[in-house]
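[1] structure of the sequence below:
(chains A and B)
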Amino acid sequence: MKRAFLWLVLLPVFAIGCAASSVSPEESPRTFDTGIDPGGWALVPAGEFLMGLHGHAMMVDYDYEIMITTVTNAQYATYLNEALAAGVIKIVDNQVIGYYPGDEFHGYRHEEEIAAGDWPHVLLDDPGLRLRYAGKAFNPLKGYENRPMVQVTWFGAKSYCEFFGGRLPTEVEWEKAARGVDGRPFPWGYEIQPENANFYSSHDLFEKIVGKLGDTTPVGFYNGNNYDGFQTIDSPSPYGLYDMAGNVWQWTGDIYQGAHYRYMRGGSKADYGYNLRVWTRNNSHPDYVSPNVGFRCVRSPGD
Amino acid sequence: MLTKRFRFLFQSTKGLVLVAIAMISLISALWGMLSGPMVEWGVTDAVIKLTGMDLSPTEREGRIILLYHTIAVAVVAIEVYLITGTLPMRDHQRSMINGTITVGYLTTMIFGLWFGYFGHNFVFHGLYLFGLSLVFFAGILLTIALWPLREEYYVKDPAYAHTRRGVDLERLAFFTMAVTTLGSALFGAVTGSFWGNGHEAFLAEDLIREPHKTALQLAIIGHLHIMLTLIGVAITLLIGRWFDFKGPLHKIAMPFMIIGTVVITLGAWAVVPIEEIAHWIIYGGSVFVLMAGLFLVIFAWRKLIRDGLAERGIQKGNFVQGLKALLRDPLRFGSTWQMVFMNFNVSFVGIFVAVKLDEIFRVWPARDERVILTGHWHVLSAIIASIILMYYADLAGLKGRARQVFGWVLIIASDVAFGSATVFEMKRLFVSEAEQQPIVNWTMLLIEIGLASVLIVLAAFMIWRLVDLFKRKGRWATELAEEGLDTPTKLPISLTTPLGSSPTTEAEVQS
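    Just a heads-up that it's a prediction; the model follows:
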């Protein structure tokens, strides 16, 4: 009797544990055309806005444009092919690498030197990567074309933006673009619902709570459309940007004196909702890759 | 009869501890539904709707600070009750201290949570601060009561640590802990008074990797670390009293505890002016405190084995007999085992992270490092809580099979949860973010099973005591009489140590 009871307790534990799986891509992922153009840019006009948790006034005295969505796998594959042809990047030891001129090193406590040289952009054998390189060209995996590019280092993100004449947004630019000028905590307003964004346990179509890490949603997914019965709420930022909260963290371009870390904003599909508040920061070594980290670019108007 | 029950709950040591544990349990049960898997299961939304909580996203940090304080002051109150119930002091001092801190922590708790979660009337915030001030004032009264240089408190039995003059070094250790706690509370309070005037609410874990922190931020970081440490020092000293810690190890442990407490505290305060070397001061102090804890554990385990063997009429037992004797009482064994287990989850993890910080941990994303930080102090807090529960379960007269079940579930389930939490914290050492999900699922599941089991036995224990209160001559009446409070004319507690000695013999444990 005792043994039976023990098995009754342990069986569900084993079952749930065994339901776990890795992040290997699905063979036939569900695809949705969100109708949001990942090639689009939005203008953020110059002016003051309220920044951070405590809403300190911050002035941005210039206009800039920022991508409406994060960079997609399809866009990044195109870039890799063009950049490889142009000699901006190269493939060594199953890694896409590229030159970085290095950071100014100040020798602060905990500061690491980021020296000039070749740094990794993308690790081609990483299971979380949704691109494949077949020896001639890069291609996004089928069904992942309009998902965010992930598993990309800060160097890889920076290189993409600069290759097309842009740059990574500063944290100030990113936050202003995300929340506008009224101090709201989320791009769409003051509260977060599961239909606003892809976050941990938001019950979207690409998430199973137990057993899977979940997957990214196509860029611009939360635009009010109904996807196979999953009704989203149109959740753009005040300037019309999508996915400024959740789905993937986004690299920003700042380099701070005394620290080698690069900062990310926006929260991801792996974070609880409160981490999607626009002032929440994450950071890492610039060569870090993750299935939860992507990026978008900014540029000067008219570029 | 209602008056007697009221007197039991709000004047007797055991009743006061029971009320505080009940309050913490209620808060943990309700507020525990606002995070973790409760969010996934939709429980959080239901609780918010049912209670009318206002969880504005912009105020989360402030709310959490209020919540931490309300729970922390209740834990401090429990320790104060146990100190006033264990150490000799004047009757009027005991009743003044207990009365003041009771009003203090309840005021803090009620109005802090009301302000944080149910509306922002600043009168409530003022009352919350008033409650904290009362707790502080009770601390001053306690410090005065613990003054060790009064001759009547000098040790009579040379087996206890003492100076040549006879000053009780254990009492001095309690006194030192009380003084350093007051100073460390002020350290946070002074900084908190700058709120809205240069100081803004923040969670310490959000500041990691910031190369430049303000003095006010550093002060808060120092404050929260040292307060938890001193709560740990206090419970270690109390467990020592429970075991009647004495002899050669006591004579080494008490000076170590005094030195360690002072050095760690100074190190935590030094974080503001000399952050670079403050950690080394803290490490130095920690060695002394940990050694004192180790000596207590050695003494306690020897005592458990010796007493256990003696009860069976065995003079010198073999390994198995010794182990049986050691494990015969899960409450007494568990209280010291948790101190040992704490090293695997907190001390060793902390040392490893510190040693390998730049090489390993600062290569990870900040969010992973943040998980370690929040995880390790949650575990430390929970371990302290489990030790308090074991001590109180003994005081409350839990015996026989119930004692065995309560004790062993508390030990095993909590250690499964804490161990799994440690694996979860450190998962990046052996699995990448892209491949972590199986380990996340397993550890989360074990954490939930462990914590749920602890909560179930705690709930059963609390229901037992609640039901007892409805009995005309329940345990509460006996405990009231034991402390000399069964008649209203008596001053509470006329003897030096109102808490009766706990069962030490097999017959007492099993009866």
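[2] show the average pLDDT along stretch A:48-60.
    Averaged across stretch A:48-60, the pLDDT comes to 96.
[3] low-confidence ranges, chain B, go.
    B:488-511 (pLDDT under 70).
[4] so what are the domain limits for it?
    B:149-204+B:211-328, B:349-476 (automatic domain parsing).
[5] among the ones you listed, which is nearest residue A:289?
    Ranking the domains of chain B by proximity to residue A:289 (C-beta to C-beta) places domain B:349-476 first, at 8.3 Å. The way it works is simple: take the backbone N, C-alpha and C, and place the C-beta from them, glycine included.
[6] say whether chain A is contacted by the closest one.
    Yes: Domain B:349-476 is in contact with chain A by C-beta under 8 Å from any C-beta of the partner chain, via B:357-358, B:362-367, B:433-438, B:441-442, B:445, B:449.
[7] ok, residue 143 - how many residues close by?
    You didn't say which chain, so I picked chain A. 18 (other C-beta atoms under 10 Å in any protein chain shown).
[8] oops, wrong one, chain B.
    For residue B:143, using other C-beta under 10 Å, the count is 18.
[9] what helix or strand is it on?
    According to DSSP states H and E, residue B:143 maps onto helix B:122-145.
[10] is the following helix or strand past that helix positioned near chain A?
    Moving toward the C-terminus from helix B:122-145, the next helix or strand (DSSP H and E) is helix B:169-192. No: judged by C-beta under 8 Å from any C-beta, helix B:169-192 makes no contact with chain A; its nearest approach is 15.6 Å.
[11] show me what the next helix or strand after helix B:169-192 is packed against.
    Note on helix B:169-192: by DSSP H and E, the next helix or strand toward the C-terminus is helix B:215-242. Applying 3 or more C-beta pairs under 8 Å, 6 or more residues apart in numbering or on different chains; DSSP states H and E, one finds that helix B:215-242 contacts helix B:60-86, helix B:169-192, helix B:248-269, helix B:275-311, helix B:330-342, helix B:366-395.
[12] sorry, back to before: buried only: go through the residues of domain B:349-476 next to chain A for me.
    B:362-367, B:433-438, B:441-442, B:445, B:449 (16 or more other C-beta atoms under 10 Å in any protein chain shown).
[13] nearest to residue B:411, of the residues you listed?
    Nearest to residue B:411, judged by C-beta to C-beta, of those is residue B:449 at 14.7 Å.
[14] ok but the closest one is inside a helix, no?
    Yes: if the criterion is DSSP: H, G, I helix; E, B strand; the rest coil, then residue B:449 is within a helix.
[15] what parts of the stretch 201-350 of chain B come near chain A?
    B:202, B:206, B:209, B:211-212, B:276.
[16] list just the nearest of the residues you listed to chain A.
    Nearest to chain A among these is residue B:211, at 4.0 Å by C-beta to the nearest C-beta.
[17] ok, the closest one - contacts?
    A:108-111, A:256-259 (C-beta atoms under 8 Å, 6 or more residues apart in numbering or on different chains).
[18] if you set the cut-off to 7 Å instead, what comes out?
    By C-beta atoms under 7 Å, 6 or more residues apart in numbering or on different chains, the contact set of residue B:211 is A:108, A:258-259.
[19] same question for residue B:419.
    By C-beta under 7 Å, 6+ apart, the contact list for residue B:419 reads residue B:345.
[20] any idea how far chain B is from residue A:181?
    16 Å (C-beta to the nearest C-beta, to the nearest Å).
[21] neighbours around residue A:99, how many?
    Neighbourhood size, residue A:99 [other C-beta under 10 Å]: 14.
[22] before we move on, the earlier item: narrow the contacts of residue B:211 to those that are buried.
    Buried, going by 16+ other C-beta under 10 Å: residue A:259, out of the contacts of residue B:211.
[23] hey, what's residue A:262 bridged with?
    According to DSSP bridges, the residues that bridge with residue A:262 are residue A:284.
[24] mind listing which of the residues of domain B:349-476 next to chain A are in strands?
    Using DSSP state E, no member of these sits in strands.
[25] can you list contacts of stretch A:106-125?
    Contacts of stretch A:106-125 (C-beta under 7 Å, 6+ apart): A:89, A:94-103, A:105, A:129, A:133, A:151-153, A:155-156, A:159, A:257-260, A:286-287, A:289, B:211, B:276, B:358, B:362.
[26] tell me where chain A is predicted with low confidence.
    Scanning chain A with the threshold set as pLDDT under 70 gives A:1-27, A:208-213.
[27] at 90 what do you get?
    Applying pLDDT under 90 to chain A flags the ranges A:1-31, A:107-111, A:126-128, A:134-136, A:200-215, A:257-259, A:270, A:302-303.
[28] ranges for the helices of it?
    Taking DSSP state H as the criterion, chain A carries its helices at A:2-18, A:73-86, A:154-163, A:171-179.
[29] count of neighbours near residue A:239?
    Per other C-beta under 10 Å, the neighbour tally for residue A:239 reads 19.
[30] so it versus chain B, what's the distance?
    Residue A:239 is 20 Å from chain B, by C-beta to the nearest C-beta.
[31] cool, residue A:58 as well?
    Residue A:58 is 15 Å from chain B, by C-beta to the nearest C-beta.
[32] next: residue A:90.
    To chain B, residue A:90 is 24 Å away according to C-beta to the nearest C-beta.
[33] show me the residues of domain B:349-476 next to chain A that map onto helices.
    B:366-367, B:437-438, B:441-442, B:445, B:449.
[34] can you list the buried residues in stretch B:137-145?
    The neighbour-count check on stretch B:137-145 (16+ other C-beta under 10 Å) flags B:137-139, B:141-143, B:145 as buried.
[35] so what's the residue nearest to the spatial centre of chain B up against?
    In chain B, the residue lying closest to the centroid (C-alpha atoms, centre = their mean) is residue B:384, at 3.9 Å. Contacts for residue B:384 (C-beta under 7 Å, 6+ apart) come out as B:231-232, B:235.
[36] ok, now residue B:229?
    residue B:264.
[37] what's the answer for residue B:135, then?
    For residue B:135, the contact set (C-beta under 7 Å, 6+ apart) comprises B:73, B:76, B:101, B:104-105, B:108.
[38] how about it, nearest residue that isn't a chain neighbour?
    residue B:104 (3.8 Å; C-beta to C-beta, 6 or more residues apart in numbering or on different chains).
[39] packing partners for the host helix or strand of the one you found?
    For residue B:104, the host element (DSSP H and E) is helix B:91-117. Judged by 3 or more C-beta pairs under 7 Å, 6 or more residues apart in numbering or on different chains; DSSP states H and E, helix B:91-117 is in contact with helix B:13-31, helix B:60-86, helix B:122-145.
[40] which one of those helices lies closest to residue B:462?
    Of all the helices and strands packed on helix B:91-117, helix B:13-31 comes closest under C-beta to C-beta, at 6.0 Å.
[41] and the following helix or strand past that closest one, does that touch chain A?
    Next along the chain after helix B:13-31, taking DSSP H and E as the criterion, comes helix B:37-40. Yes: contact of helix B:37-40 with chain A (C-beta under 7 Å from any C-beta of the partner chain) involves B:39-40.
[42] what does helix B:37-40 rub up against?
    For helix B:37-40, contacts defined as C-beta under 7 Å, 6+ apart pick out A:201, A:209, A:272, B:44, B:448.
[43] now do that helix: distance to the chain's middle.
    27 Å (C-alpha atoms, centre = their mean, to the nearest Å).
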